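S.K.: give the three-dimensional model of this entry:
(one chain, ligands or ions: 2)
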Amino acid sequence: MEIGFLGLGIMGKAMSMNLIKKGFKVTVWNRTLSRCDELVEMGASVGETPAAVVKKCKITIAMVSDPAAALSVVFDKDGVLEEISSGKGYMEMSTIDPETSCKISEAITSKGGSFVEAPVSGGYKHAETGQLVIIAAGDKALFDEAILALNVMGKKSFYLGQVGNAARMKLVVNLIMGTMMTTFSEGIGLAERSGLNPSDLLDILDVGAMATPLLKAKGPNMIKSNFPTAFPLKHQQKDMRLALALGDENAVSTPVAAAANEAYKKARSMGLGNLDFSAVLEVVKPYKD
Ligand SMILES: NC(=O)C1=CN([C@@H]2O[C@H](COP(=O)(O)OP(=O)(O)OC[C@H]3O[C@@H](n4cnc5c(N)ncnc54)[C@H](OP(=O)(O)O)[C@@H]3O)[C@@H](O)[C@H]2O)C=CC1
Ligand SMILES: O=CCCC(=O)O
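M.R.: Numbering: from 1, shown residues only. Ligands and ions are numbered 1, 2, ... in the order given. This is a model prediction of the structure:
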C-alpha cells in the first residue's frame, strides 16, 4: 500500500523513514521541500503539494507542528481537500486540539474521504524504532485498514471511538508530562542549591517509585545544562495551552498545570523554544546568589 506523508520535522522524518525501512512505498511532502531529499535517498517519492500526495496515495498521514499548520495543509490552495475523495483515508497524527481535529474530519468526510486522528506518545527515537504509543479515534474501518502501518510506527495502538477522543487524551497525557518535567526541574534545582549532587538525586529516583523513562532519558543531560532537542519546548507549551483550554471548557481546576505552563511561556520568552522541553529547567531552578 502506498502511504503519503505530510510533514518531515523531527517526528515525521523518523516515522516515514521507519515505514520505508519496513517495506512501505511512501510519498512525502514537506513545506520546506528540501527536507524531502534525505527521504528520496532512501527510496521515497515526492509530491509537490499535499494535494499531489493525496491524489497518489490511498492513505495520507500528516505530522505537522500545531493546529494552524494542520489546518493549512488541509484547507489551503493545493491542500488535502482538493484531492481527497471516496476510498481515500486521511490520518492526522499531529498533536492538536479536538475542535481543529473535528473541523478537519468534517471537511474530509464531506468530500467522501475517511478520517482518523492518531496523535502519538514517545519521541523520535521511538519513532525510528517503531516504539510509539498511538492514540487513535475516528473511522474504525480506516483504523483497521491502516493497522499494518500503525503497527510499524508504534508498539501499541489504542482506539478510543469518536473523533476528538484521541486528541483530548493526548492533551491529558502531555499535561501530565509537561507538569512532571517542571517538578523534576524544581527538584534538580533544589538539590543543587542545597548542596547536594544532582546526579545522586537521579540515581535515587531511578530505583524508587518515581522512576520514569522520561527522567532516565533527560536527567543526565539536564544536570549538565544540555538540552538537545527531541521534543521542542515550543510544542510542549502549545500542548499545555491546548490542555488548559480543555480544562477551561470542562471547568476542571488545573492550578499545577497552569503554573507549569507559565514556566514554559517564560522559557519561550527567553528564546528557549527550539530547545528540548527539558530546558524548562533554566526557568524553574533557583539561581545562585
Ligand atoms: N518531537 C516529539 O518528540 C514529538 C512531537 N509530537 C507532535 O508531533 C508534531 C510534530 O512535531 P515535531 O516533528 O517535533 O515538530 P518539528 O517542529 O520538528 O516539525 C514541524 C513540521 O511541521 C511543518 N510545518 C510547520 N508549520 C507548517 C505550516 N504552516 N504548513 C505546513 N507545514 C508546517 C514543518 O515544516 P518546515 O520543515 O517547512 O518548517 C515541519 O515539517 C507536533 O504536533 C508535536 O506536538 C508528538 C510526539 C512527540
Ligand atoms: O508529545 C510529545 C511526547 C514526547 C514523549 O512522549 O517523549
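S.K.: hmm, who's touching stretch 141-161?
M.R.: If you take C-beta atoms under 8 Å, 6 or more residues apart in numbering as the criterion, stretch 141-161 is touched by 1, 3, 15, 18-19, 22, 24, 59, 61, 89, 91, 114-116, 118, 120, 122, 126-127, 130-137, 140, 166, 169. For glycine as for every other residue, the C-beta is placed from the backbone atoms N, C-alpha and C.
S.K.: please redo it, this time with the cut-off set to 6 Å
M.R.: Here stretch 141-161 makes contact (C-beta atoms under 6 Å, 6 or more residues apart in numbering) with 3, 15, 19, 22, 59, 89, 114, 116, 130-137, 166.
S.K.: would you list the buried entries among those?
M.R.: Those of these that meet the buried threshold are 3, 15, 19, 59, 89, 114, 116, 130, 132-137, 166, by 16 or more other C-beta atoms under 10 Å.
S.K.: this structure against ligand 1: which residues are in contact?
M.R.: Contact residues (C-beta under 6 Å from any ligand atom) of the chain with ligand 1: 7-12, 30-32, 35, 63-66, 68-69, 72-73, 94-95, 120, 123-124, 230-232, 235.
S.K.: which stretches of the stretch 101-250 of the chain form helices?
M.R.: For the stretch 101-250 of the chain, helices defined by DSSP state H, counting those that start in this stretch occupy the ranges 124-128, 140-145, 147-153, 165-193, 198-206, 213-222, 233-249.
S.K.: what residue in the stretch 51-200 of the chain comes nearest to ligand 2?
M.R.: Ligand 2 sits closest to G123 of the stretch 51-200 of the chain, with a gap of 3.9 Å, by C-beta to the nearest ligand atom.
S.K.: wait, that residue touches A230, no?
M.R.: Yes - taking C-beta atoms under 6 Å as the definition, G123 is a contact partner of A230 at 4.5 Å.
S.K.: could you chop this protein up by domain?
M.R.: Using automatic domain parsing, the domains assigned to the chain come out as 2-163, 168-284.
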